[in-house]
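Participant: Here is my input, please return the structure:
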Amino acid sequence: MKNLKKFMAAAFIMLVPLNVSAKEKEVKTGFMSNVRELKEISDIMDIIQENFVGDKKLDKTILMQGAVKGMIETLDDPHSNYFSKEGMEDLEGKIKGEYSGVGMIIRKSSGEPVMVELLIEGTPAFRAGIRPKDKLISIDGNQTYNMDLEEASKLLKGKSGTTVKVQIYKESEKKTKDIVLKRETIKLENVSSKMLNNKVGYIKLTQFGDDVNVQVAKSLEKLQADGMRGLIFDLRNNPGGRIDQAIKIGSMFIKEGVIVSERTKDGKETINMREGKYYGDFPLVILINEGSASASEIVAGAVRDYKRGLLVGEKSFGKGSVQVLLPLPDGDGIKLTIAKYYTPKGENIHGKGINPDIVIEEDEDYLFYDGLVTNIDEKEQAESKKRILNDVVGKEEAEKLAKRQDKQLQQAEAAIDSMLKERDSKK
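Facilitator: Next up is the predicted model:
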């Protein structure tokens, strides 16, 4: 446990090396004490190889992978998973910020259909209206109830430009629908920023990837140079990422104190204090929704506990655990929950989420309009959306949709304006 902090990361992306060296004492208390269990596994593998009659070709590698997968599945933890070599390679692609797929992060519980845990904003799945907690009943005609996570993930991914058909059950609508998604190369643009008016700055963070704190810091410095007096920090649909990035970014808004603490199985606690540059006590609003998870909730939780700003939107996802991704010698690996995290006031939000100070429900029609086209110039974006809507819903309905507004963002702006007026009145 001595160096465990180095390996801690949230579930979305984090690759760490596995230390395969062991001291003599560790060998005695680890491997040697489990000789009987290891021999039983070896004996069972021999029995299967010698006696199993079936079409599938087996070898000890396949059987061992099955044994490891079975051990992970017995944990009944949707955030702990086994990955084959191919699955690990896919994760490496995500770490680099680019992969081909539909933009869904999924989880699987035994006997249940695959569930959409989180989405990457602007991706095919997001644009199609798929949302967190939707259930994938089938993928290309394959029922997902008895499917493992890796198999489901493999079916959803594929060459850019190809399609995949999913049957979705939406709990909110109590009905299923078939959706055809066109896979594309997903480039993870983590940070975007702009001035909304001459006083209010806006930063959107889509995930807590490698060194994203540097991008956020640059955005903050530019906004402050442009005259920013208040900030809206948008963490909606941000599935999380690296804990170290959450600590560094949270520290930009928190002047002193604990950002987050982690507790392992044996009760050892790691307390993460704020670090780095503090950017001032300007009015702050954090936008969250049910797609805000993990590292997003660390930042939101710290801002809430210290009363540093307001939270606006909808209740967050509720993921208060920490995972480590451990590569194994054959190229496969496991992702294992190894700690719970706690907000500065000592709350673990796992399964509960964080409630905003101001609740504003998302406008589904606006989300549909806003998600049609992304990652291009704003003027081009508006024209492209208009053309697509005319084709899909007709001119009259397209004009109605184009007038929809981001109600959550509007409320955030109003909150910043109110805080600035109150602050100015005291001068």
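
Participant: can you give me the helices for the stretch 301-427 of the chain?
Facilitator: Assigned by DSSP state H, counting those that start in this stretch, the helices in the stretch 301-427 of the chain fall at 364-370, 378-393, 395-402, 407-425.

Participant: Lowest mean pLDDT across those helices, which one is that?
Facilitator: For the helices of the stretch 301-427 of the chain, mean pLDDT drops lowest on helix 378-393, to a mean of 59.

Participant: what about this protein, any weak spots by pLDDT?
Facilitator: Residue ranges of the chain with pLDDT under 70: 1-33, 92-97, 365-394, 398, 400-403.

Participant: Name the residue closest to the centre of it, please.
Facilitator: Closest to where the C-alpha atoms of the chain average out (C-alpha atoms, centre = their mean) is Pro239, at 2.1 Å.

Participant: measure it to Tyr342 for me?
Facilitator: From Pro239 across to Tyr342, the span is 20 Å (C-beta to C-beta, to the nearest Å). From N, CA and C alone the C-beta is placed, and that goes for glycine too.

Participant: Let me know the secondary structure of the residue nearest to the centre of the chain.
Facilitator: Here Pro239 is recorded as coil under DSSP: H, G, I helix; E, B strand; the rest coil.

Participant: if I pick Val299, what's in contact with it?
Facilitator: Counting by C-beta atoms under 8 Å, 6 or more residues apart in numbering, Val299 makes contact with 233, 235, 246, 249-250, 253, 286.

Participant: so Glu275 makes contact with Ala246?
Facilitator: No. If you go by C-beta atoms under 8 Å, Glu275 and Ala246 don't touch, sitting 11.6 Å apart.

Participant: When these two are compared, which one has more neighbours?
Facilitator: A count of neighbours by other C-beta atoms under 10 Å puts Ala246 above the other of Glu275 and Ala246, at 28 against 13.

Participant: Now the more buried one. Its backbone dihedrals?
Facilitator: The phi/psi pair for Ala246 (degrees, to the nearest 10) reads phi -60, psi -40.

Participant: In contact with it, which residues are there?
Facilitator: Listed by C-beta under 8 Å, 6+ apart, the contact set of Ala246 reads 10, 208, 240, 259-260, 294-296, 298-299.

Participant: do that again at 6 Å, thanks
Facilitator: Ala246 makes contact with 208, 295, 298-299, according to C-beta atoms under 6 Å, 6 or more residues apart in numbering.

Participant: Now Leu196: closest residue in space that isn't a chain neighbour?
Facilitator: Of all residues beyond its chain neighbours, the one nearest Leu196 is Tyr202 (5.1 Å), with distances taken as C-beta to C-beta, 6 or more residues apart in numbering.

Participant: who touches the host helix or strand of the one you found?
Facilitator: Using DSSP states H and E, Tyr202 maps to strand 200-205. Outside strand 200-205, the residues that touch it by C-beta under 6 Å, 6+ apart are 191-196, 219, 223, 228, 230-234, 238, 413, 416.

Participant: quick one: which of those sit in strands?
Facilitator: Judged by DSSP state E, the subset of the contacts of strand 200-205 located in strands is 191-195, 230-234.

Participant: What is the nearest of those to Gln408?
Facilitator: The shortest gap between Gln408 and any of those belongs to Asp234, at 8.9 Å (C-beta to C-beta).

Participant: give me the number of residues near the closest one?
Facilitator: 26.

Participant: does Ile72 count as helix, strand or coil?
Facilitator: Of the three states, Ile72 takes helix under three-state DSSP.

Participant: Please look at it and Phe83 and confirm they touch.
Facilitator: No. At 9.7 Å, Ile72 does not count as touching Phe83 under the criterion of C-beta atoms under 6 Å.

Participant: Phi first, then psi, for Glu184.
Facilitator: Backbone torsions of Glu184, given as degrees, to the nearest 10, read phi -150, psi 160.

Participant: what sits opposite it in the beta ladder?
Facilitator: Gly101 (DSSP bridges).

Participant: which helices and strands does the lengthiest strand in the chain pack with?
Facilitator: The longest strand of the chain (DSSP E) is strand 333-342. Strand 333-342 sits against strand 81-83, strand 258-263, strand 321-327, with contacts defined as 3 or more C-beta pairs under 6 Å, 6 or more residues apart in numbering; DSSP states H and E.

Participant: Just want the angle from that strand to strand 321-327.
Facilitator: Put simply, strand 333-342 runs at 160 degrees to strand 321-327, going by axes from the mean of the first three to the mean of the last three C-alpha atoms, to 10 degrees.

Participant: Strand 333-342: how far from the chain's middle?
Facilitator: 14 Å (C-alpha atoms, centre = their mean, to the nearest Å).

Participant: just stretch 353-362 next, same as before
Facilitator: Relative to the chain's own centre, stretch 353-362 is displaced by 18 Å; criterion: C-alpha atoms, centre = their mean.

Participant: which residues sit against that stretch?
Facilitator: Outside stretch 353-362, the residues that touch it by C-beta under 6 Å, 6+ apart are 288, 297, 300-301, 310-313, 315-318, 407-408, 411.

Participant: List just the nearest of the residues you listed to Lys154.
Facilitator: Among the contacts of stretch 353-362, Phe317 lies closest to Lys154 (C-beta to C-beta), at 24.5 Å.

Participant: how close does that closest one get to Leu311?
Facilitator: Between Phe317 and Leu311 the computed distance is 14 Å (C-beta to C-beta).

Participant: sorry, back to before: sort out for me which of the contacts of Ala246 are in helices.
Facilitator: Judged by DSSP state H, helices contain the following of those: 295, 298-299.

Participant: any chance of those in CSV, with distance to Asp43 too?
Facilitator: Shown next, in CSV, are the ones in helices among the contacts of Ala246 (distance: C-beta to C-beta, whole Å):
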residue, distance to Asp43
Ala295, 44
Ile298, 46
Val299, 50
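
Participant: Can you tell me which of those residues is closest to Gly129?
Facilitator: Of all the ones in helices among the contacts of Ala246, Gly129 sits closest to Ala295, with 25.4 Å by C-beta to C-beta.

Participant: so that closest one makes contact with Gly241?
Facilitator: Yes. Between Ala295 and Gly241 there is a contact under C-beta under 6 Å: 5.0 Å.

Participant: Who has more neighbours out of the two?
Facilitator: The residue with more neighbours, out of Ala295 and Gly241, is Ala295; 33 against 28, by other C-beta under 10 Å.

Participant: how about that one, what does it touch?
Facilitator: Here Ala295 is in contact with 10, 208, 240-241, 246 (C-beta under 6 Å, 6+ apart).

Participant: circling back to that earlier point, and the strand holding Tyr202 with helix 407-425, angle?
Facilitator: 140 degrees.

Participant: circling back: would you check how far apart the residue lying closest to the residue nearest to the centre of the chain once chain neighbours are set aside and Gly257 are?
Facilitator: Residue nearest to Pro239 in three dimensions, not counting chain neighbours: Leu118, with 3.6 Å by C-beta to C-beta, 6+ apart. Remark: distance between Leu118 and Gly257 (C-beta to C-beta) = 28 Å.
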